[in-house]
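Engineer: Would you be able to build a 3D model of this:
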Amino acid sequence: MSYKFFAVLVIVTLTGCAGFSGPARDTSANLTEAQLRYARIDAHSLSVSGRRTLDVEALAQALIRPARTEEEKVRAIFRWMADNISYDVESLLDGSYKFRRIDAADVLRERKAVCDGYTRLFLALAEAAGLTAQTVSGYTKLSGIRDENKHAWSAVKINGRWHLLDTTWAAGVVDENNRFQKRFDDFYFLTSPTELIATHYPESREWQLLPEPISYQSFVNTPDVWSEFHRSGLALKSHRQRTIRADSSVKVMLDVAEGTLLTARLDRYGDALPRNHAQVILRGTVAQVRAVFPEQGVYQLLIFAKRDPESTLYHSALRYDVVAAAGSDEKLAVIGPAFTEHAWSEPVVPRRARNLRPGSEIHLHARVEPGMHVSAQIRDLGRDTLIQNGVLVERSADGHTKFVIPWTNAPVGELRLEVFSGESDDLPGRFAFSLDLGRPWQLAVPSDRRGDVQITSTALAAAGIGLGVFQETRHIAVNP
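Structural biologist: Predicted coordinates:
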């Protein structure tokens, strides 16, 4: 059986390799197009309860009572199952599902199952509703490798044509504490075959439902994608293979639907690298995702997406494996969500300024949407204190913004430039995070204060700034 495992990762600091904790709640209020289209039948389906839900025939008739079409019948069954059947995590973990064969009546009585139980119940309800359905067995993809265990999903005929759906993955997720969390995912209802083939590979190629079925090798060689990839209107523009071979950096180009926001992260050995190793710059409907590698080795480049501007939750969308032939000490500007939302242009950052004496200035330039308020501050990371009058912000009428950093009495140690923007002129801590300008500058200091002062791209972990939350989804499949 297959379920989805996710870790909700809340950014508490980005200075270390991990720096994540959770969980967090999706505050998105946006309804999908399908939820709007099926609002009437969904409302009815979710209201069906009581003794009639203990019998397959009675439940099927109750669910389809207001349905006007075959599609609405399928939707009523699908929506009720996603809301009422939980994933049986316990039998998965102890392996007991392997020695027990359950039928639809068992699932209705226990209200839980692994994927075999989900598909058996869907098949029974569909047949009781006068529909033609079929269980599809196959494999799902985890990090580009076919899972050793099988998964099962469903096919149903509507108006003479076969369609695909997965009630198991639509029902919810299993969290990092091995608890099932109900979270309806509409993507897995009548999913386009061209999209489902990215994660589901049937044993029988006919159930790909594609004009030209793809090979298993093609299946495992494509990048790992999640439902958010399709929901956010992403499309591969440059790298179409799961494994990228690069030198010390890589640049991935994506087509993006209008209104989609992205962020990225670089991992190594399962740990997240500091945010200055991955960067997303969004220009219209094209996104540039750049990553730099600190040394030779194998990395994972993860891209997260969201559609709701009011939500801080980003969902897993796309993942690449990257084999880096060399390393680099380059650090990228860490660009946060407000960079795109508030119409910033890419800042002009001096790559390196040497031999700056106290009293010197560094000038950074960026352009931001007129009317948007901008603030900045310098933080001494060693003391975790703000430097008074550490940065001046100068705005011109056309939106051009200049950050002036005077180095009079600058302390020795690691400093951070924190830049904020928002629609309010309230205190800086209330602004949205925009970017952390990340390339290092060396500062020569008087003889009694020897050492280097570096402004490095590190995390914004203070002032109550909302950096956004990642929800990372991992697919795992098991099947007897």
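Engineer: The stretch 151-300 of the chain: helices as residue ranges?
Structural biologist: In the stretch 151-300 of the chain, the helices defined using DSSP state H, counting those that start in this stretch lie at 167-171, 193-196, 216-221, 227-231.
Engineer: shaky segments in the stretch 301-450 of the chain?
Structural biologist: 333-372, 381-382, 397-400, 403, 405-417, 421-450 (pLDDT under 70).
Engineer: ok so, going back, Asp267: which of the helices of the stretch 151-300 of the chain is closest?
Structural biologist: Across the helices of the stretch 151-300 of the chain, Asp267 has its closest neighbour in helix 227-231 (17.7 Å, C-beta to C-beta). For every residue, glycine as well, the C-beta is placed using N, CA and C.
Engineer: Check which helices and strands the closest one sits against.
Structural biologist: Packing partners of helix 227-231 (3 or more C-beta pairs under 8 Å, 6 or more residues apart in numbering; DSSP states H and E): strand 297-306, strand 313-324.
Engineer: and with 10 Å instead?
Structural biologist: Counting contacts by 3 or more C-beta pairs under 10 Å, 6 or more residues apart in numbering; DSSP states H and E, helix 227-231 is packed against helix 193-196, strand 297-306, strand 313-324, strand 469-477.
Engineer: Identify whichever of the ones you listed lies nearest to Arg109.
Structural biologist: For Arg109, the closest of these is strand 469-477, at 25.3 Å, according to C-beta to C-beta.
Engineer: what is the rounded mean pLDDT of the closest one?
Structural biologist: Average pLDDT, strand 469-477: 40.
Engineer: and if you look at stretch 227-243?
Structural biologist: Mean predicted confidence for stretch 227-243 is 94.
Engineer: Any buried residues in that stretch, and which?
Structural biologist: The neighbour-count criterion (16 or more other C-beta atoms under 10 Å) identifies Ser227, Glu228, Phe229, His230, Arg231, Ser232, Gly233, Leu234, Leu236, His239, Arg242 as the buried residues of stretch 227-243.
Engineer: Check stretch 176-193 too.
Structural biologist: Quick answer for stretch 176-193 (16+ other C-beta under 10 Å): Phe180, Gln181, Arg183, Phe184, Asp185, Asp186, Phe187, Tyr188, Phe189, Leu190, Thr191, Pro193.
Engineer: Give me the subset of the residues you listed lying in strands.
Structural biologist: Of these, the ones assigned to strands by DSSP state E are Phe180, Gln181.
Engineer: Redo the buried residues of stretch 176-193 as a markdown table? Include distance to Ala58 and pLDDT.
Structural biologist: Formatted as a markdown table, the buried residues of stretch 176-193 follow (distance: C-beta to C-beta, whole Å; pLDDT from 0 to 100):
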| residue | distance to Ala58 | pLDDT |
| --- | --- | --- |
| Phe180 | 26 | 85 |
| Gln181 | 29 | 86 |
| Arg183 | 28 | 89 |
| Phe184 | 24 | 93 |
| Asp185 | 28 | 92 |
| Asp186 | 26 | 92 |
| Phe187 | 30 | 94 |
| Tyr188 | 26 | 95 |
| Phe189 | 24 | 96 |
| Leu190 | 25 | 96 |
| Thr191 | 29 | 96 |
| Pro193 | 33 | 97 |
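Engineer: Out of the buried residues of stretch 176-193, which is nearest to Glu258?
Structural biologist: Phe187 (19.5 Å).
Engineer: related to what we said a few turns ago, figure out which of the helices and strands packed on helix 227-231 is closest to Val89.
Structural biologist: Closest of the helices and strands packed on helix 227-231 to Val89 is strand 469-477, at 11.0 Å (criterion: C-beta to C-beta).
Engineer: Against Thr132, how distant is Leu36?
Structural biologist: 27 Å (C-beta to C-beta, to the nearest Å).
Engineer: JSON lines for the buried residues of stretch 176-193, including distance to Leu318?
Structural biologist: What follows is those, written out as JSON lines (distance: C-beta to C-beta, whole Å):
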{"residue": "Phe180", "distance to Leu318": "26"}
{"residue": "Gln181", "distance to Leu318": "23"}
{"residue": "Arg183", "distance to Leu318": "20"}
{"residue": "Phe184", "distance to Leu318": "22"}
{"residue": "Asp185", "distance to Leu318": "17"}
{"residue": "Asp186", "distance to Leu318": "20"}
{"residue": "Phe187", "distance to Leu318": "15"}
{"residue": "Tyr188", "distance to Leu318": "18"}
{"residue": "Phe189", "distance to Leu318": "22"}
{"residue": "Leu190", "distance to Leu318": "23"}
{"residue": "Thr191", "distance to Leu318": "17"}
{"residue": "Pro193", "distance to Leu318": "20"}
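Engineer: Of the helices of the stretch 151-300 of the chain, which is nearest Val250?
Structural biologist: Closest among the helices of the stretch 151-300 of the chain, once you apply C-beta to C-beta, is helix 216-221, at 17.3 Å.
Engineer: helices or strands next to the closest one in the packing?
Structural biologist: By 3+ C-beta pairs under 10 Å, 6+ apart, helix 216-221 packs against strand 132-142, strand 145-146, strand 200-202.
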